[in-house]
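Chemist: pasting a predicted model and its sequence here:
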Amino acid sequence: MPNGKNKQRGASAVGVIIILAILGVGAYIGFQYIPLFIESGTVDSVMSSIEQAHEKKTFASSAEIRNTINKQLDMNQMQELADAFTVTKYEETYTINVYYERQLNLIYKKKLIETDKTITLD
């Protein structure tokens, strides 16, 4: 014989809809940030490989550095970043700078993400 009231278990339909909405918004925002992390990792990798290549053999010209950057970007299928890199020479020192902006379209506003990294090769 049953001992009293039946206890209800589980989530209501409204609760499930709210949880799905929260997860959907999180996924939407996350999917916009993931390409930025990949892009930033690629830029860090290119800069690091330039430094390592310079340690092994000193670059002879800015054009040689530019070619190395373009090869690295081509390997990572990110040729659209080639214009973001600038190579300048002052006496015997090369400075490599990368600067670009990306805009995230969040639900409530647009957010500008700037990337500005510099390395100096002596």
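Modeler: Alright, I've got the coordinates. Remember, it's a predicted structure, so these values are computed and weren't measured experimentally.
Chemist: helices of the chain, residue ranges please.
Modeler: 13-56, 62-75 (DSSP state H).
Chemist: looking at those, which is closest to Asn105?
Modeler: The minimum distance between Asn105 and those falls on helix 13-56, with 7.0 Å, by C-beta to C-beta. C-beta coordinates here come from the backbone N, C-alpha and C atoms, glycine included.
Chemist: mind giving me the packing neighbours of the closest one?
Modeler: Contact here means 3 or more C-beta pairs under 8 Å, 6 or more residues apart in numbering; DSSP states H and E; on that basis helix 13-56 packs against helix 62-75, strand 93-105, strand 110-121.
Chemist: need those in CSV (columns: distance to Ile17, mean neighbour count and mean pLDDT).
Modeler: As requested, these are arranged in CSV below (distance: least, C-beta to C-beta, whole Å; neighbours: other C-beta atoms under 10 Å; pLDDT from 0 to 100):
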stretch, distance to Ile17, mean neighbour count, mean pLDDT
helix 62-75, 44, 16, 91
strand 93-105, 24, 14, 90
strand 110-121, 27, 12, 90
